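Trainee: starting from these lines, generate the structure:
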Amino acid sequence: MTRQDQLPDRWAIRELIEGWVVWRDGGNWEQLRACWHDDGRMMATWFQGTADEFIQVCRDGFSLGMRGWHLLGGMAIELQGHRAVAQTKVTLASRSEVAGVLCDVVCTGRFYDMLEERDGRWGLVLRQPVYEKDRIDTVDPAAHVDFSQMSFAADRIAAQCGVDPSTVRPSCK
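Mentor: This is a model prediction of the structure:
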């Protein structure tokens with residue numbers, strides 16, 4: 001199959017990945033669920049489980065006011081028949097309190113997505129984010145985060161954007 005012949009599949013995969021971000025960040029849970037096959041799994045640093053469990057955790061956080069904003073960068077898709085692997089650059093931003101100080105948290109990394117076409121529909125089978133860089137900045141430049149309470153702060157951050165608490169480095173003093 002030529003690259004030209006693959007364009008409809010590549011387009012469908014790209015729309016699925018871009019839609020995932022819009023629907024997850026916007027709280028459109030039914031559309032988000034439609035991105036996954038029934039046996040789909042999410043394997044982030046802060047969550048490992050089924051697509052349904054992931055969506056429920058996101059819903060719960062959303063109802064508590066937790067928000068994250070995903071920004072996608074470049075994407076590469078490798079197709080092999082009815083299977084595909086997509087690698088997408090991603091930045092996730094959120095604003096939350098860290099140890100009682102309002103901070104902007106930015107996580108940079110990649111989504112590695114394993115997808116399959118089943119019954120004429122592409123869907124996620126596995127999403128494996130890989131976080132490459134995390135940053136925390138105080139909203140008020142004069143504020144100071146007491147990182148001696150880091151385990152508390154890291155748990156809060158992890159709940160919002162999937163940061164592994166052991167990888168968070170103090171950057172706001």
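
Trainee: the chain: strands as residue ranges?
Mentor: In order along the chain, the chain carries the following strands (DSSP state E): 36-43, 48-50, 69-80, 83-98, 101-118, 121-138.

Trainee: redo those as a markdown table? Include mean pLDDT and distance to Cys58.
Mentor: Heads up, the C-betas are built off the backbone N, CA and C, glycines and all. Compiled in a markdown table, the strands of the chain are given as follows (pLDDT from 0 to 100; distance: least, CB to CB, whole Å):
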| stretch | mean pLDDT | distance to Cys58 |
| --- | --- | --- |
| strand 36-43 | 97 | 10 |
| strand 48-50 | 95 | 12 |
| strand 69-80 | 96 | 12 |
| strand 83-98 | 94 | 13 |
| strand 101-118 | 95 | 15 |
| strand 121-138 | 94 | 13 |
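
Trainee: tell me the angle the helix ranked longest in the chain makes with strand 69-80.
Mentor: Across the chain, the longest stretch assigned as helix under DSSP state H is helix 3-26. Using axes from the mean of the first three to the mean of the last three CA atoms, to 10 degrees, the inter-axis angle of helix 3-26 relative to strand 69-80 is 150 degrees.

Trainee: buried set for helix 3-26?
Mentor: Neighbour counts using 16 or more other CB atoms under 10 Å place Asp9, Arg10, Ala12, Ile13, Arg14, Leu16, Ile17, Trp20, Val21, Trp23, Arg24, Asp25 of helix 3-26 among the buried residues.

Trainee: now the strands of the chain in JSON lines, with distance to Met1?
Mentor: Below are the strands of the chain laid out as JSON lines (distance: least, CB to CB, whole Å):
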{"stretch": "strand 36-43", "distance to Met1": "22"}
{"stretch": "strand 48-50", "distance to Met1": "32"}
{"stretch": "strand 69-80", "distance to Met1": "8"}
{"stretch": "strand 83-98", "distance to Met1": "12"}
{"stretch": "strand 101-118", "distance to Met1": "13"}
{"stretch": "strand 121-138", "distance to Met1": "15"}
